[in-house]
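Chemist: test case, fold it:
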Amino acid sequence: MRIYLLSLGAGLLVGVIYSLLNVRSPAPPVVALVGLFGILIGEQIIPVAKHMLDGSHLADAWRRSHGTPHIFGLLPGRHAQATQPDIAAESKAHT
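Modeler: Have a look, this model is predicted:
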């Protein structure tokens, strides 16, 4: 949750600076968000395509390239779970 608050704070600070300088933001908010979404999707095209060229289907290529966590990120509170090793999965892999 801290990273979201820092991001919001940085955005507010930039907004205040723009207001003090009497400058408009470079793009309307919806246009900027759509552009950011396009960037995130575009970053996944090459990794997914590489997996598909190796013979994977689209859904499997998407999972193997870890597209969903990259685009949507981890929800607050999930970071600790993601960084802790899964002992049960590791023990099954070694048997």
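Chemist: mind checking the SS state of Arg24?
Modeler: With DSSP: H, G, I helix; E, B strand; the rest coil as the basis, Arg24 sits in coil.
Chemist: for it, give its distance to Gly15.
Modeler: As defined by CB to CB, to the nearest Å, Arg24 lies at a distance of 11 Å from Gly15. (Glycine included, C-beta is placed from N, CA and C.)
Chemist: ok, Ser56 next?
Modeler: Distance of Ser56 to Gly15, computed by CB to CB: 43 Å.
Chemist: looking at these two, which one has more neighbours?
Modeler: Ser56 (16 against 11; other CB atoms under 10 Å).
Chemist: name the nearest residue to the more buried one, ignoring sequence neighbours.
Modeler: Excluding its sequence neighbours, the residue lying closest to Ser56 (CB to CB, 6 or more residues apart in numbering) is Arg64, at 6.3 Å.
Chemist: what is the neighbour count of Ser65?
Modeler: Using other CB under 10 Å, Ser65 has 20 other residues around it.
Chemist: alright, I will stop here.
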